[in-house]
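Peer 1: my questions are about this predicted structure, shown below with the sequence.
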Amino acid sequence: MKTSINLIIKGFININKKVIINGWVKTKRNSKYGISFISIYDGSCLKTCQVIINNTIKNYKKILNLTTGCSIEIIGLLIFSLGPMQNFEIKAIKVNIIGVIKNPNTYQITSKYHSKEYLRKIAHLRPRTNLISATSRIRHTLSYAIHKFLNKNGFFWVSTPLITCIDSEGSSKMFKVSTFNFKKIPYNNIGKINYKKDFFGKKTFLTVSGQLTGEAYACSLSKIYTFGPIFRAENSNTSRHLSEFWMVEPEIAFATLEDIINLSENMLKYILKIVLNKRNDDLFFLHNKKNINYLIKFLYYKFEQINYTEAIKILLRSKINFKFPVKWGMDILSEHEHYLCEKYFNGPVIIKNYPKNIKSFYMKINKNCKTVSNMDILVPKVGEIIGGSQREDCINILDKRIKESKLVKKKYWWYRDIRKYGTIPHAGFGLGFERILSYITGLNNIRDVIPYPRTPNMIDF
Ligand code: 4AD
Ligand code: MG
């Protein structure tokens with residue numbers, strides 16, 4: 001039976017047992033005493049397994065020519081290692097060479113250091129580096145932890161659509177979906193594009209959020225979440241924006257802003273704890289063996305909560321010359337987020353009750369008629385990782401907000417129905433999966449925490 005290297009490293013396999021492992025050569029060293037040492041990886045964990053190959057092995061001459069990246073099968077005996085670097089190693093009985101690299105000089109993943117920028121250009125080969133394989137394992141564990149937390153707390157996972165005919169956020173830049181022949185786009189008699197002739201018979205987009213369709217399910221199943229890809233066509237070439245990213249969106253019936261603030265704080269701490277427990281090796285590697293105390297502190301930190309108005313006052317008091325001058329009514333931008341999290345609070349902070357004019361139409365209006373019942377969670381270095389709100393549950397106010405936001409009311413007919421038939425207070429939030437991953441891994445460019453990043457002018461793979 002084939003064995004994963006992580007089972008060997010964890011000591012789950014009996015000593016002196018015959019094992020078969022499949023993997024790739026990381027490094028190879030030939031000693032002058034007719035022994036070759038290969039360290040082999042199979043991606044199941046960060047560590048490699050050392051294999052000792054004696055020159056009595058049949059294809060020893062070919063083994064001498066193996067280079068980094070060649071794929072092999074080892075059949076051997078698991079023994080205690082004499083070397084200080086590992087507990088176990090394998091004494092090879094047989095080595096099957098599966099795939100060789102004919103021209104090792106052209107192979108881009110050598111053992112020397114490669115910059116992250118360079119690795120992005122070879123996104124199909126970069127999973128072979130420790131950097132990207134460690135990140136991928138953390139990404140998997142984080143997603144598992146999210147499903148586990150929500151399942152444990154009674155949430156149902158709802159698969160909301162990716163192709164849509166409405167703008168869920170009310171003001172988003174959306175990618176269009178069409179099967180039109182660009183050379184022969186049909187126009188109607190007033191010179192406008194005739195979307196009736198397109199695939200869905202309507203103007204169609206990739207979704208910017210699963211929230212609205214998710215809400216309809218929360219208003220029956222009580223606790224739901226969506227977890228899927230999101231597409232935004234903003235021309236933002238920053239280290240925290242992707243054009244395609246993943247979002248987790250829990251939505252709860254009979255709930256208020258306070259309920260989702262508690263839920264989000266509990267969820268963040270729970271998922272981080274799982275990652276710290278299960279991916280310790282990978283985390284230490286990514287943080288370059290430097291301390292990861294900020295993550296442990298996060299588990300015990302009571303998130304600060306402030307109102308938007310208070311945040312503006314703090315920013316004004318700072319006397320910093322921000323690029324975007326601070327005044328009530330403006331959006332809190334990256335530079336302001338950095339100041340609040342890194343300088344002022346020195347930790348995560350929740351900002352609540354933003355002015356209604358800068359937030360989406362679906363957020364519940366507060367009694368003062370100026371702000372909405374919403375919250376953003378900001379963390380040091382990354383900024384906003386969560387955006388959430390209580391939803392407007394009164395049909396008349398919702399209609400007013402749709403109008404104010406210059407949206408076409410009839411497009412939201414089914415969303416309005418939710419308020420017409422047994423409306424309820426409800427609330428939810430969206431966690432940017434890559435943003436939290438960026439925070440946990442310490443990789444400050446979001447392009448390095450998703451396998452194939454999509455950003456303006458970046459779509460080679
Ligand atoms: O704040 P946002 O836009 O909220 C929503 O979409 C709501 N519908 C969520 C809800 O209430 N159900 O996005 C939520 C989160 C942000 O806080 C951020 O972490 C992430 O999604 N996000 C992005 N991540 C990567 N690249 C982008 N371009 C992102 N835009 C938002
Ligand atoms: Mg937001």
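Peer 2: In hand now; what should we look at? Ligands and ions are numbered 1, 2, ... in the order given.
Peer 1: which helices and strands sit right next to the longest strand anywhere in the chain?
Peer 2: As assigned by DSSP state E, the longest strand anywhere in the chain is strand 18-31. In this structure, strand 18-31 makes packing contacts with helix 5-9, strand 35-41, strand 71-80, strand 88-99, judged by 3 or more Cβ pairs under 8 Å, 6 or more residues apart in numbering; DSSP states H and E. Backbone N, C-alpha and C define where each C-beta goes, glycine included.
Peer 1: now the longest one against strand 35-41, angle please.
Peer 2: This means strand 88-99. With axes from the mean of the first three to the mean of the last three Cα atoms, to 10 degrees defining the directions, strand 88-99 sits at 80 degrees from strand 35-41.
Peer 1: just to revisit the earlier point, so how far is the longest strand of the chain off the chain centroid?
Peer 2: 32 Å (Cα atoms, centre = their mean, to the nearest Å).
Peer 1: avg pLDDT for that strand?
Peer 2: For strand 18-31, mean pLDDT rounds to 96.
Peer 1: next, the buried residues of it.
Peer 2: If you call a residue buried by 16 or more other Cβ atoms under 10 Å, then strand 18-31 has these buried ones: V19, I21, N22, G23, W24, V25, K26, K28, N30.
Peer 1: tabulate the helices and strands packed on strand 18-31 (TSV), appending mean neighbour count.
Peer 2: Shown next, in TSV, are these (neighbours: other Cβ atoms under 10 Å):
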stretch	mean neighbour count
helix 5-9	19
strand 35-41	20
strand 71-80	17
strand 88-99	16
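Peer 1: mind checking the pLDDT average for stretch 159-173?
Peer 2: Rounded mean pLDDT across stretch 159-173 is 93.
Peer 1: what parts of the chain come near ligand 1?
Peer 2: Applying Cβ under 6 Å from any ligand atom, we find that the chain lies next to ligand 1 at 169, 209, 211, 232, 241-242, 245, 247, 249, 384-389, 428-430, 432, 434-435.
Peer 1: take those and keep only those in strands.
Peer 2: 245, 247, 249, 384-389, 428-430, 432.
Peer 1: go through the residues you listed and name the one nearest G347.
Peer 2: Using Cβ to Cβ, I385 comes nearest to G347 of those, at 13.0 Å.
Peer 1: chain neighbours aside, what residue packs nearest to the closest one?
Peer 2: R435 (4.4 Å; Cβ to Cβ, 6 or more residues apart in numbering).
Peer 1: what's the neighbour count on that neighbour?
Peer 2: Neighbour count of R435, defined by other Cβ atoms under 10 Å: 24.
Peer 1: over to E258?
Peer 2: 14.
Peer 1: got it, and S136?
Peer 2: 17.
Peer 1: now it: phi and psi?
Peer 2: Per-residue torsions, S136: phi -70, psi -40 (degrees, to the nearest 10).
Peer 1: do you know how far the nearest residue to it once chain neighbours are set aside is from ligand 1?
Peer 2: Once flanking residues are discounted, S136 sits nearest to P127: 6.3 Å by Cβ to Cβ, 6+ apart. Separation of P127 from ligand 1 (Cβ to the nearest ligand atom, to the nearest Å) stands at 21 Å.
Peer 1: helix, strand or coil for P127?
Peer 2: Judged by DSSP: H, G, I helix; E, B strand; the rest coil, the three-state class of P127 is helix.
Peer 1: please give me every residue in contact with it.
Peer 2: Listed by Cβ atoms under 8 Å, 6 or more residues apart in numbering, the contact set of P127 reads G43, S133, S136, P451.
Peer 1: which of the three states applies to the first one?
Peer 2: At G43, secondary structure determined by three-state DSSP is coil.
Peer 1: residues near the residue of the stretch 251-400 of the chain found nearest ligand 1, how many?
Peer 2: Closest contact between the stretch 251-400 of the chain and ligand 1, by Cβ to the nearest ligand atom, is at G387 (2.4 Å). Other residues lying near G387 total 21 when counted by other Cβ under 10 Å.
Peer 1: pretty sure it contacts G430?
Peer 2: Yes: counting by Cβ atoms under 8 Å, G387 does reach G430; the two are 5.6 Å apart.
Peer 1: quick one on the thing from earlier: thought the residue nearest to I385 was touching K381?
Peer 2: No: the criterion here is Cβ under 8 Å, and R435 misses it with K381 at 10.4 Å.
Peer 1: tell me the bridge partners for the residue of the stretch 251-400 of the chain closest to ligand 1.
Peer 2: As for beta bridges, G387 partners with D376, G430 under DSSP bridges.
Peer 1: doesn't K327 fall inside a strand?
Peer 2: No: going by three-state DSSP, the assignment for K327 is coil, not a strand.
Peer 1: quick revisit: for the residue of the stretch 251-400 of the chain closest to ligand 1, what are its contacts?
Peer 2: N374, M375, D376, F429, G430.
Peer 1: how near is it to T441?
Peer 2: Going from G387 to T441 by Cβ to Cβ, to the nearest Å gives 21 Å.
Peer 1: can I get the helices and strands packed on strand 18-31 in JSON lines with distance to E404 and mean pLDDT?
Peer 2: Converted to JSON lines, the helices and strands packed on strand 18-31 look like this (distance: least, Cβ to Cβ, whole Å; pLDDT from 0 to 100):
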{"stretch": "helix 5-9", "distance to E404": "55", "mean pLDDT": "97"}
{"stretch": "strand 35-41", "distance to E404": "57", "mean pLDDT": "96"}
{"stretch": "strand 71-80", "distance to E404": "61", "mean pLDDT": "97"}
{"stretch": "strand 88-99", "distance to E404": "61", "mean pLDDT": "97"}
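Peer 1: any stretches of the stretch 201-350 of the chain with poor pLDDT?
Peer 2: 289 (pLDDT under 70).
Peer 1: mind running it again at 90?
Peer 2: Filtered on pLDDT under 90, the stretch 201-350 of the chain yields the residue ranges 235-236, 288-292.
Peer 1: ranges for the helices of it?
Peer 2: 211-221, 257-278, 280-286, 293-300, 308-317, 334-338 (DSSP state H, counting those that start in this stretch).
Peer 1: which one of those lies nearest to Y415?
Peer 2: helix 211-221 (5.3 Å).
Peer 1: and the closest one with strand 383-390, angle?
Peer 2: 50 degrees.
Peer 1: in helix 211-221, what's buried?
Peer 2: Q211, L212, T213, G214, E215, A216, Y217, A218, C219.
Peer 1: same question, stretch 402-409
Peer 2: I402, S405, L407.
Peer 1: contact partners of stretch 331-340?
Peer 2: Taking Cβ under 8 Å, 6+ apart as the rule, stretch 331-340 contacts 238, 240, 308, 311, 314-315, 318, 320, 322-324, 326, 349, 351, 354, 358, 376, 378, 380-381, 383-384.
Peer 1: and T141, which of the helices of the stretch 201-350 of the chain is closest to it?
Peer 2: helix 257-278 (5.1 Å).
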